[in-house]
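> what's the 3D shape of this:
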Amino acid sequence: MSEQEPGEIAAGHRLVRSSDKGLSLGERLTNQLHRLTWRTPLHALRLSGRYPLKLLAVPVDPLTGDAAAGRALLEGTLTLGREAVAIDALDDHATLSPRLVEHVQRFAWLRDLAAGASRAEGAPVAERLMRSWIDRHGDQVSEAGWAPERIGWRLLFWTCHAPLILSSGDQIYRSAVLNALARSARHLDRNADRAPLGVPRLAAWAGVVAAGLLIPGGEPRRAFGEAGFTRALAAGISDDGGVVTRSPADQLAVVELLSIVLRVYDARRIEVPAIVQTSLDRAVAALLGLVLGDGALSSWQGSGPIDADRVAAVVSGSGVRTRPLRQARDWGYQRMVGGQTIVVADAAPPPPSRLASAGSASTLAFELSDAGARLIVNCGGARGTGSLSPELAQGLRTTAAHSTLVLGDSNSTAIHAGGAMGAGVTTIELDRQEVEGGSRVDVSHDGYARRFGLIHKRSLALSATGRELRGEDTLLPAPRRKAKGAAFAIRFHVAPGVEITATADGQAALLRIDHGPLWQFRCRGGALSIEDSLWIDGDGRPHATQQFVVSGEAPAGGVAVGWLLKRAG
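Numbers count the residues shown, from 1 in each chain. You can find the predicted model right below:
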């Protein structure tokens, strides 16, 4: 799989952050009141009706589950990453992490069971858990079991793995399962558009489409679902294929979701709408644009370095062969490649709070890998790990947890105590050029303009060989703002296994990758120091590491700091 052909971004290309006030009090109250209506007799009446006697087809799940997790289910334990719980305790959601609750309610564990057991072995376990869900949630419509996005995923897993949940000879049980499927579809008909933008709304509408294609007599629902799915794609995915939350984990979920939807159409031998295939093609290219040399994802917007095997499996399951997207203008990531060196930079404002609960103040940060080794990283993300303290999770969202400049020991975009993003970066100015000697990106943000009257501009130039990355961080007076001086710190977090040795002059350092090459760092315009840091791996485990920091005082007139990362040998 090769890189896409080089191109250029027109000088002065701008990205403007939309309003970030989050959901208003009125919107929150409206959503809450709507959920209360789910428990009314009227809504129960809306969910009633005839249930199907069978499914029209069984789609093939494009991904293979974790066989070891499937075998653990046979022994009575559900596992997800480092978490494990007895299946008898799955109904007590208060004792489970949010990540595990999602896994249980989506019935995503069916994929693991199918991978680790034969149908004869797995069906009794699936039936046991299916009966438990029906007893607890089948007639009681609540947020836990009936959130639209959970239903959407659940319908996809139920239908893809129908042989596991419908193999019983108990006709009463089979009727209850098919009735639950039909009731879920009716609930989605009225609620899919109330799911949050991005993956949740896409999942909800995907469930409507799947129900329309797989439940007998679903032609009207299919047309209705395709129209809603088209709207959700237009609102949830940018023109360059990136999800609106700007999260790599969500991007992976988009690719997985669209891949399953394609398999639903394949199962019925019906041509997939062009927008679905086009969206999948673009989403895969955008996802690959965030992959570093080790095959795993880079860490942005609460998402950690999802491992290479998982990424490769999702891309393979999509059936899409494409090149990594280098210039995600709307999604906001820039990819630079030279030789074996890959640089991924954040060149956009954080996502609005109404779209992302774990948005990060990472604008102008970058990560760098040399062949299969990571060198410069961000500290990582806590979203979905279920194992980090709230204080650490909040800290991972800060500007200081990313490899970029921090001014006045503050975030480029404020992060409120409640987690919402506040004032900060609103406008990005971006230029990119591809020349014979390599790639150059010049990008600036106004996140410090209101507080300090200064604009942060970062220039990154990667040589064609990948042996040199030249950078310059500049603070410039902002137009129509009164500038004031402040301390700055340009942070470069290094990956675990990278050893830093500062030189005697305080202007350079040697970076030795464990069992790998040596890199040299040199700077001018600030003092170099070495500090402790940490990095969160794909399983949510923290690793002690280091960072080197270029610091100084920025006067009201601004300052420029030049630096060079050069591969030695």
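> the helices in the stretch 401-550 of the chain, which residues?
Here the stretch 401-550 of the chain has its helices, by DSSP state H, counting those that start in this stretch, at 449-452.
> can you check the stretch 251-400 of the chain too?
274-288, 308-318, 390-395.
> Tell me which of these is the most buried.
The highest mean neighbour count among those, using mean count of other CB atoms under 10 Å, belongs to helix 274-288: a mean of 21. Backbone N, C-alpha and C define where each C-beta goes, glycine included.
> what about it, distance to the chain center?
15 Å (CA atoms, centre = their mean, to the nearest Å).
> and that helix, what other elements does it pack with?
Packing partners of helix 274-288 (3 or more CB pairs under 8 Å, 6 or more residues apart in numbering; DSSP states H and E): helix 219-236, helix 248-268, helix 308-318.
> Go ahead and name everything in contact with the top strand by length along the chain.
If you go by DSSP state E, the chain has its longest strand at strand 542-554. If you take CB atoms under 8 Å, 6 or more residues apart in numbering as the criterion, strand 542-554 is touched by 388, 392, 407, 454, 475, 485-496, 498, 500, 502, 509, 521, 523, 525-537, 559, 561, 563.
> any idea of the mean pLDDT for whichever helix or strand comes after that strand?
Next along the chain after strand 542-554, taking DSSP states H and E as the criterion, comes strand 559-568. Strand 559-568 comes out with an average pLDDT of 96.
> Direction included, what does strand 559-568 pair against?
Sheet pairing of strand 559-568 (DSSP bridges) gives strand 468-477 (antiparallel), strand 518-524 (antiparallel).
> Give me whichever of the ones you listed is most buried.
Of these, the one with the most neighbours on average (mean count of other CB under 10 Å) is strand 468-477, at a mean of 20.
> so how far is it from its chain's centroid?
Distance, centroid of strand 468-477 to centroid of chain: 28 Å (CA atoms, centre = their mean).
> Only alpha carbons, please: show that strand as CSV.
Output of strand 468-477 as CSV, limited to C-alpha atoms (Å, rounded to 0.1, in the frame of the first residue of the first chain):
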residue,chain,number,x,y,z
GLU,A,468,15.8,15.5,9.0
LEU,A,469,12.8,17.2,10.5
ARG,A,470,13.3,21.0,10.8
GLY,A,471,11.0,22.9,12.9
GLU,A,472,10.3,26.4,14.1
ASP,A,473,7.9,27.6,16.7
THR,A,474,7.1,31.3,16.5
LEU,A,475,5.0,33.5,18.7
LEU,A,476,3.7,36.6,16.9
PRO,A,477,1.6,39.5,18.0
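> now the nearest residue to R221 once chain neighbours are set aside, what's its secondary structure?
Residue nearest to R221 in three dimensions, not counting chain neighbours: G212, with 3.7 Å by CB to CB, 6 or more residues apart in numbering. Three-state assignment for G212 (DSSP: H, G, I helix; E, B strand; the rest coil): helix.
> Narrow the contacts of strand 542-554 to those in strands?
Filtering the contacts of strand 542-554 for membership in strands, criterion DSSP E, returns 407, 454, 475, 486-494, 498, 500, 502, 509, 521, 523, 527-536, 559, 561, 563.
> out of the strands paired with strand 559-568, nearest to R326?
Proximity to R326, assessed across the strands paired with strand 559-568 by CB to CB, is greatest for strand 468-477 (15.7 Å).
> picking up where we left off before, show me how far the longest strand of the chain is from its chain's centre.
The gap between where strand 542-554 is centred and where its chain is centred comes out at 26 Å by CA atoms, centre = their mean.
> How about stretch 449-461?
27 Å.
> And for stretch 552-567?
On CA atoms, centre = their mean, the centre of stretch 552-567 falls 32 Å from the chain's centre.
> First-to-last residue distance for that stretch?
Terminal residues of stretch 552-567 are spaced 26 Å apart (CA to CA, to the nearest Å).
> With stretch 511-528 instead?
End residues of stretch 511-528 are separated by 14 Å (CA to CA).
> got it, and stretch 237-247?
End-to-end distance for stretch 237-247, by CA to CA: 12 Å.
> Give me the contact list for it.
Residues contacting stretch 237-247 (CB under 8 Å, 6+ apart): 197-199, 235-236, 250-251, 254, 279, 281-286, 300-303, 325, 327-333, 348, 350-351, 355-356, 358-359, 383.
> picking up where we left off before, need the strands paired with strand 559-568 in a markdown table (columns: mean pLDDT and distance to G339).
What follows is the strands paired with strand 559-568, written out as a markdown table (pLDDT from 0 to 100; distance: least, CB to CB, whole Å):
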| stretch | mean pLDDT | distance to G339 |
| --- | --- | --- |
| strand 468-477 | 97 | 10 |
| strand 518-524 | 95 | 13 |
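> For Y265, find the nearest of the ones you listed.
strand 468-477 (44.3 Å).
> tilt between the closest one and strand 486-494?
Angle between the axes of strand 468-477 and strand 486-494 is 160 degrees (criterion: axes from the mean of the first three to the mean of the last three CA atoms, to 10 degrees).
> Spatially central residue in the chain, please.
The centroid of the chain falls nearest to A249 when counting by CA atoms, centre = their mean (2.5 Å).
> Now that one. Nearest residue, chain neighbours left out?
Closest to A249 by CB to CB, 6+ apart is S303, at 3.9 Å.
> Please apply the same query to R374.
Spatial nearest neighbour of R374, chain neighbours left out: A495 (3.8 Å); criterion: CB to CB, 6+ apart.
> Next, count neighbours for the one you found.
24 (other CB atoms under 10 Å).
> for A502, same thing?
Residues within reach of A502, counting by other CB under 10 Å, total 15.
> OK, contacts around the nearest residue to L388 once chain neighbours are set aside?
What sits nearest to L388 in space, not counting adjacent residues and going by CB to CB, 6+ apart, is A382, at 4.4 Å. A382 is in contact with G302, G304, A358, L388, L392, A393, L396, I536, G540, counting by CB under 8 Å, 6+ apart.
> With T64 instead?
R111, A115, A313.
> In CSV: those, plus distance to G424 and pLDDT.
Shown next, in CSV, are the contacts of T64 (distance: CB to CB, whole Å; pLDDT from 0 to 100):
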residue, distance to G424, pLDDT
R111, 40, 98
A115, 44, 97
A313, 36, 97
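> Out of these, which comes closest to T95?
Of all the contacts of T64, the one with the least separation from T95 (CB to CB) is R111, at 23.5 Å.
> now stretch 183-194: how far from the chain's centre is it?
25 Å.
> what do you get for stretch 492-510?
Mean-position distance between stretch 492-510 and its chain equals 30 Å (CA atoms, centre = their mean).
> Could you list the low-confidence segments of this protein?
Within the chain, the stretches with pLDDT under 70 are 1-39, 41-45, 384-387.
> again, only using 50
1-12, 19 (pLDDT under 50).
> if we can go back for a sec, give the buried residues for the longest strand of the chain.
P542, T545, Q546, Q547, F548, V549, V550, S551, A554 (16 or more other CB atoms under 10 Å).
> likewise stretch 285-299?
285-294, 296-299.
> coming back round to it: so the residue nearest to A249 makes contact with L396?
No. Here S303 lies out of contact with L396, judged by CB atoms under 8 Å, at a distance of 10.5 Å.
> Pull up the overlap in contacts between the two.
Common neighbours of S303 and L396 (CB under 8 Å, 6+ apart) are G381.
> Hmm, K457 and V443 touching each other?
Yes. Here V443 reaches K457: they are 7.2 Å apart, a contact under CB under 8 Å.
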